[in-house]
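*Asks:* Sequence and predicted model, in that order:
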Amino acid sequence: MIASTTSVLKSEPHQLSHPKYRPDIDGLRAIAVLAVIGFHAFPTLMPGGYIGVDIFFVISGFLISSIIFRNLEEDRFSYAEFYVRRIKRIFPALLLVLIACLICGWFEIPNEYKQLGKHVAAGAGFVSNFALWKDAGYFDAAADQKPLLHLWSLGIEEQFYIFWPLLLGFVWKRKYNFLTITLLILGGSFLVNVGIVHSHPIAAYYSPLSRFWELMIGGILAYLTLHQPHRLPKKTNWLPVAGMAMILVPVWILNKDSAFPGWWALLPTVGAFLVLSAGPAAWLNRNFLGNRAFVWIGLISYPLYLWHWPALYLFRQLFLQQYLTHAQWVLGRVCTIGVAILLSWLTYRLVELPIRSGSPGINVTYSLAGAMAIVVMAGGLIYTTDGFAYRLSPQLAGILGFDYAHNSSIGYRMNTCLLEAYQDQKQFGNCTSYPPGKMVSDVLLWGDSHAAELYPGFQTAIGASSKLTQLTSSLCPPIIGYATKAQPHCKEINDYVMEWIAKGKPDRVVLAGLWTDYDWKQLADTVRRLKLLDVKRIDLVGPVPIWQHSLPTQLFLYARNNKSQSTIPDRMSYGLDPRIPIMDASMREFAKEIGINYYSPYTILCNADGCVTMLGDTPDQLTAWDTAHLTIAASRYVVSHFTE
């Protein structure tokens, strides 16, 4: 009879039987981790390298299911020993990386340290996927600003380690078939995956419900290996070659804009299944995956996965303000990966191996679990104290601790009148205000998020006497025919706006966008079509000031470099993008040539002494909350200075 799920940890747990060691599995781990590192360090060279995580899922599903299936059937499974082994395998390297991040994070700005504290707590609690899922959105911090972004996959694996043994214990007690339950979970999870990958891509990426099928593929292989080995290939060399091709091809044909996991995830996961199913004797497994170099990388693959992303993050932070050539950036990344490999080898030899091969006593397990609990509390403390913001002046602490993203998402009318990249025109809702009395004019605000940022300003400026409509979508400029993988619905959205204009006949159309990201001269066709529709007035809003970092971060860096100055400067030239005044002048001339009005936020906010940073004494009076988006206060200020 199997051990109860409520069994306590014993000082001498049962000896679980484990699958025989296969060097080719470590070789496959090496392929997986190298793909992920390649994607993170050189995304243009290996744009689909993130599929390495899916290979890890299949390997974990295979090995863990093999252990559980066999030991349950032999009536020797111990939940105590299973979780002790998981703790001794996973906690040591993870603790080391999390503690290192907490130490380095002290030198970050408080709001970034606050975010790090949350992600450290989530990582130590193995819920990183849920934390990142909750945070994800257009105004969320960029991926390269999250040093623990990669722990989402570890969260899913840990959730699998909790869920799967408990479910299989229940199944075994009731004498249900392991293969049947594995197939049912695989099918259900895969259907969730393909069902939401387009409508809810973030959920599809981070949810265990849409990812467990990948681990179940490994579970299917584990069952076949134990009970139906005759169904697996015998002395077949072409099958693992085909599987390896299925793994490697997506590394180059997929990219960050691909609908993933979805159907695409079948390539690396089925490929891993084919490679593993061929066994260690197959030629590719024996001679390629089983060679000493790949096996060595596979042995350190877990700490290498943990170390590489924080190392790359630190490199970016240290050299972000340096004007490095492309060759210098490449060399820097290569050296950074070299450092990560060294740290991983040291972690493996000095931390992982001694703990895993040491005494099976329970004291080590309790110590590791206690240390992880302390890390969770430390991360929580950093988060609740706003990254120990008391270290800074009250004014700067208030700026760095203010929730600008939430404030602006409401002001910009996110998800209803400012669509995210995955939303189409059908998601527009209640985007027109209807004045109660006589209407003076009918105004349409059209463009990307930098058009949406003007909505609070126009709402105040034109008052309740005019009808104001906001039809904006992130990453989608008001350029007819514009299409990009990052915004798959942009062309249809702009076509919809033109149809809306043809029917609604607004008096005034305001065009705005982050013009540094587009060929703004293509606006000529948009203007031509608007004139054909007899739009009375067309306004083009030029570029806003762009800061090298977010403005709060830029102010922190300025204060750190100018310790003698205790207050925030009203204007600042430190960290401004030098392209903007040149672009502003060119767009002004362009607007004059095609006969439309031109408004310049840059001219309103900036002069020879720099650009305005604060419009008042409170944090909400900052002019920009990231590198370029206007705050609500700045929106009202800028639009109030738009002259007729």
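*Replies:* Yes, it's here. Numbers count the residues shown, from 1 in each chain.

*Asks:* In terms of pLDDT, where does Asp144 sit?
*Replies:* You'll see Asp144 listed with a pLDDT of 68.

*Asks:* what does Trp329 give?
*Replies:* pLDDT for Trp329: 87.

*Asks:* Just give the nearest non-adjacent residue to it, would you?
*Replies:* In this structure, Trp329 finds its nearest non-sequential neighbour in Phe319, 8.0 Å apart by CB to CB, 6 or more residues apart in numbering. C-betas here are computed from N, CA, C, even on glycine.

*Asks:* Tell me who's in contact with Ile596.
*Replies:* The contact partners of Ile596, taken as CB atoms under 8 Å, 6 or more residues apart in numbering, are 527, 538-540.

*Asks:* for the residues you listed, which one is nearest Val351?
*Replies:* Leu540 (59.2 Å; CB to CB).

*Asks:* correct me, but that closest one touches Gly595?
*Replies:* No: between Leu540 and Gly595 there is no contact under CB atoms under 8 Å: 10.8 Å.

*Asks:* neighbour count winner among the two?
*Replies:* Neighbour count, other CB atoms under 10 Å: between Leu540 and Gly595, Leu540 has more, with 26 against 9.

*Asks:* Surely the more buried one is within a helix?
*Replies:* No: per DSSP: H, G, I helix; E, B strand; the rest coil, Leu540 lies outside any helix segment and is strand.

*Asks:* who's in contact with it?
*Replies:* Contacts of Leu540 by CB under 8 Å, 6+ apart are 511-512, 523, 587, 590-591, 596-599.

*Asks:* ok, now with 7 Å
*Replies:* Counting by CB atoms under 7 Å, 6 or more residues apart in numbering, Leu540 makes contact with 511, 523, 587, 591, 596-598.

*Asks:* Kindly report the same for Leu151.
*Replies:* By CB under 7 Å, 6+ apart, the contact set of Leu151 is 123, 128.

*Asks:* And it, what's its pLDDT?
*Replies:* Note on Leu151: pLDDT of 95.

*Asks:* ok so, going back, top of the contacts of Ile596 by number of neighbours, please.
*Replies:* When neighbours are counted by other CB under 10 Å, Leu540 leads the contacts of Ile596 with 26 neighbours.

*Asks:* ok, and the closest non-adjacent residue to Val120?
*Replies:* The shortest distance from Val120 to any non-neighbouring residue, by CB to CB, 6+ apart, is to Gly379 (3.5 Å).

*Asks:* pretty sure Leu179 is touching Leu224, no?
*Replies:* No: Leu179 is beyond contact range of Leu224, at 8.2 Å (criterion: CB atoms under 7 Å).

*Asks:* Flag the shaky bits of the stretch 151-300 of the chain, pLDDT-wise.
*Replies:* Residues of the stretch 151-300 of the chain meeting the criterion pLDDT under 70: none.

*Asks:* can you pull out the strands in the stretch 351-500 of the chain?
*Replies:* In the stretch 351-500 of the chain, strands defined by DSSP state E, counting those that start in this stretch lie at 418-419, 442-447, 467-473, listed in chain order.

*Asks:* tilt between the longest one and strand 442-447?
*Replies:* Orientation note: strand 467-473 sits at an angle of 10 degrees relative to strand 442-447 (axes from the mean of the first three to the mean of the last three CA atoms, to 10 degrees).

*Asks:* which strands and helices sit next to strand 467-473?
*Replies:* When contacts are defined as 3 or more CB pairs under 7 Å, 6 or more residues apart in numbering; DSSP states H and E, strand 467-473 packs onto strand 418-419, strand 442-447, helix 449-452, helix 455-462, helix 490-504.

*Asks:* Format the ones you listed as TSV; extra columns: mean pLDDT, distance to Ala624 and mean neighbour count.
*Replies:* Formatted as TSV, those follow (pLDDT from 0 to 100; distance: least, CB to CB, whole Å; neighbours: other CB atoms under 10 Å):
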stretch	mean pLDDT	distance to Ala624	mean neighbour count
strand 418-419	94	17	30
strand 442-447	94	17	25
helix 449-452	95	11	26
helix 455-462	92	14	20
helix 490-504	95	24	17
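
*Asks:* Put together a markdown table for those, with distance to Leu396 on each row.
*Replies:* Below are these laid out as a markdown table (distance: least, CB to CB, whole Å):
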| stretch | distance to Leu396 |
| --- | --- |
| strand 418-419 | 29 |
| strand 442-447 | 32 |
| helix 449-452 | 26 |
| helix 455-462 | 25 |
| helix 490-504 | 38 |
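
*Asks:* quick one, which of these is nearest to His150?
*Replies:* helix 449-452 (27.1 Å).

*Asks:* Show me what that closest one is in contact with.
*Replies:* With contacts defined as CB under 7 Å, 6+ apart, helix 449-452 is touched by 138, 412-413, 418, 445, 470, 472, 474, 512-514, 544, 629.

*Asks:* Least confident of those?
*Replies:* Note: of the contacts of helix 449-452, the lowest pLDDT belongs to Tyr138, at 48.

*Asks:* can you pull out the strands in the stretch 1-150 of the chain?
*Replies:* Going by DSSP E, counting those that start in this stretch, the stretch 1-150 of the chain shows no strands.

*Asks:* pLDDT weak spots in it?
*Replies:* For the stretch 1-150 of the chain, the stretches with pLDDT under 70 are 1-14, 137-144.

*Asks:* any idea how this structure splits into domains?
*Replies:* For the chain, automatic domain parsing gives the domain ranges 23-391, 404-543+576-606+631-640.

*Asks:* tell me, how many neighbours does Gly38 end up with?
*Replies:* By the criterion of other CB under 10 Å, Gly38 has 19 neighbours.

*Asks:* give the contact list for the closest residue in space to it that isn't next to it in sequence.
*Replies:* In space, and not counting its chain neighbours, Gly38 is closest to Met46: 3.6 Å by CB to CB, 6+ apart. Neighbouring residues of Met46 by CB under 7 Å, 6+ apart: 35, 38-39, 251.

*Asks:* could the residues you listed go into JSON lines alongside distance to Gly219?
*Replies:* Putting the contacts of Met46 into JSON lines (distance: CB to CB, whole Å) gives the following:
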{"residue": "Ala35", "distance to Gly219": "22"}
{"residue": "Gly38", "distance to Gly219": "28"}
{"residue": "Phe39", "distance to Gly219": "26"}
{"residue": "Val251", "distance to Gly219": "25"}
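
*Asks:* For the residues you listed, which PyMOL command selects only the ones that are buried?
*Replies:* Listed next is the PyMOL selection for buried residues among the contacts of Met46, using 16 or more other CB atoms under 10 Å:
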select buried, resi 35+38+39+251
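
*Asks:* Keep only those of the contacts of Met46 that are in helices.
*Replies:* Taking DSSP state H as the definition of helices, these contribute 35, 38-39, 251.

*Asks:* nearest to Glu214, of those?
*Replies:* In terms of CB to CB, no member of the ones in helices among the contacts of Met46 lies closer to Glu214 than Ala35, at 14.9 Å.

*Asks:* was I right about the closest one contacting Val53?
*Replies:* No: in this structure, Ala35 is not within contact of Val53 by CB under 7 Å, at 8.7 Å.
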